[in-house]
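Participant: only geometry, no sequence info:
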């Protein structure tokens, strides 16, 4: 004997849920407009440095050194083994070197100004970088430019302007200084394996392609649901998906979490997860509209949501268990992916119950919308 499902009055709270959804959307859009997204290295461009340790590296120690060297928006992860570390940071290391030098100069001369020229004219000889210090005649430059990092150094002074020419580029000098500091802190030899720059043009291309991919996914979903069910279900499904994506992006914007390609992949996965849940609910709503004859739309939707609630909660809970494992022990590279999916699963579960169903109620879904069309002449098929 089948146990009768207890009917929960989900739609009795539909106005409250609609207000909550509107507040979430407004808050997310405002945050995106004011803060934007904290795009990661994949989108903005930056520098990657791979170093090798003679013994297992301490990632927390590496991150502390990066922060002390002025690389605030940086990440350090193991790369293949616990002795290989990949450091990723936005922007140019030359700019980081200039900030480091500026901090040292200001310790002696608070009013000093620094300017950097990326290239040096040919008549300056074998020098690749030029630093101009304005209004800093009292600065003692001894120890500022160690030879192992900057190579040959030439200092020229003309009035209040001190010009420093360095043989090595500022990026190369900063990398050498950073590797030396990592080795000193770990008390072991650290080898520089590679240092490469990812240009911002790549980031723009990835960002544009990712946005187009998301829009294309929403368009395909709308067409599929319209063909599979009915146009009103299509609007409900797309509204739920758009709601989920905007809220996830809004939370990332509000908390200023890094948005990279793994997070973009998670956002696209949220679309698939939310759609799957919405399809299951929509299928049950269509079935009950055809089976239950004496019930209005709200009763049918409440019955359908109650019948699928157990499946929805179990699926969401088991998915969250896996994502929590990835979040806590999956490492830094997968951290943003797990965060976005956890938010997406929670918001997607809510939207499949309330957002999609609310849209159906708002569009006056009824039994006639889901009845199969009567074929012309069908009334004569059973006649002899």
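Facilitator: Alright, I've got the coordinates. Just so it is clear, the structure is predicted and the values come from calculations on it, not from any experiment. Residues are numbered from 1 along each chain as shown.

Participant: only C-alpha atoms for contact and neighbour calcs from this point on.
Facilitator: Fine.

Participant: Please enumerate the helices of the stretch 251-384 of the chain.
Facilitator: 261-291, 297-329, 335-353, 355-362, 367-370 (DSSP state H, counting those that start in this stretch).

Participant: what does the stretch 51-200 of the chain give?
Facilitator: Counting by DSSP H, counting those that start in this stretch, the helices of the stretch 51-200 of the chain are 59-68, 93-108, 147-150, 170-186, 200-228.

Participant: for the fourth one, which positions count as buried?
Facilitator: Using 16 or more other CA atoms under 10 Å as the burial criterion, the residues of helix 170-186 that qualify are 170-183, 186.

Participant: quick one: which two of the residues you listed are the most distant?
Facilitator: 170 and 186 (24.1 Å; CA to CA).

Participant: quick revisit: next, format the helices of the stretch 51-200 of the chain as CSV and append distance to residue 25 and mean pLDDT.
Facilitator: CSV is the format used below for those (distance: least, CA to CA, whole Å; pLDDT from 0 to 100):
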stretch, distance to residue 25, mean pLDDT
helix 59-68, 35, 88
helix 93-108, 37, 79
helix 147-150, 51, 84
helix 170-186, 43, 89
helix 200-228, 17, 74
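
Participant: Dump those into CSV; add distance to residue 22 as well.
Facilitator: Listed next are those as CSV, based on distance: least, CA to CA, whole Å:
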stretch, distance to residue 22
helix 59-68, 39
helix 93-108, 42
helix 147-150, 55
helix 170-186, 48
helix 200-228, 20
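
Participant: between these, which one is nearest to residue 159?
Facilitator: helix 93-108 (17.5 Å).

Participant: what's that closest one in contact with?
Facilitator: Contact partners of helix 93-108, identified using CA atoms under 8 Å, 6 or more residues apart in numbering, comprise 47, 69-71, 112-114, 116, 138-140, 144, 169-175.

Participant: can you give me the end-to-end distance of stretch 162-179?
Facilitator: Taking CA to CA, to the nearest Å, stretch 162-179 runs 28 Å from one end to the other.

Participant: how far out from the middle of the chain is it?
Facilitator: 33 Å (CA atoms, centre = their mean, to the nearest Å).

Participant: now what about that stretch, what contacts it?
Facilitator: By CA under 8 Å, 6+ apart, stretch 162-179 touches 51, 66, 69, 92-98, 126-134, 136-137, 148-157, 190-192.

Participant: count of neighbours near residue 13?
Facilitator: 10 (other CA atoms under 10 Å).

Participant: what's the residue nearest to residue 82 when sequence neighbours are not counted sitting at in phi/psi?
Facilitator: Spatial nearest neighbour of residue 82, excluding adjacent residues (CA to CA, 6 or more residues apart in numbering): residue 56 at 5.1 Å. When read as degrees, to the nearest 10, the backbone of residue 56 gives phi -50, psi 130.

Participant: Between the helices of the stretch 251-384 of the chain, which one is closest to residue 254.
Facilitator: helix 335-353 (13.1 Å).

Participant: Quick one: residues in contact with that closest one.
Facilitator: 10, 240-241, 243-245, 247-248, 252, 257-260, 262-263, 265-267, 269-270, 273-274, 277-278, 281, 305, 312-313, 316, 319-320, 323-324, 326-328.

Participant: So for the chain, the centremost residue is which one?
Facilitator: Nearest to the geometric centre of the chain sits residue 259, at 2.5 Å (CA atoms, centre = their mean).

Participant: need the contact list for that one.
Facilitator: With CA under 8 Å, 6+ apart, residue 259 has these contacts: 37, 38, 39, 40, 252, 336.

Participant: among those residues, which are in strands?
Facilitator: Judged by DSSP state E, the contacts of residue 259 include 38, 39 as members of strands.

Participant: which of the contacts of residue 259 has the weakest pLDDT?
Facilitator: Scanning the contacts of residue 259 for pLDDT, the low point is residue 40. It has 78.

Participant: can you count the residues close to that residue?
Facilitator: Residues near residue 40, counting by other CA under 10 Å: 21.

Participant: you'd agree it is up against residue 256?
Facilitator: No: between residue 40 and residue 256 there is no contact under CA atoms under 8 Å: 10.9 Å.
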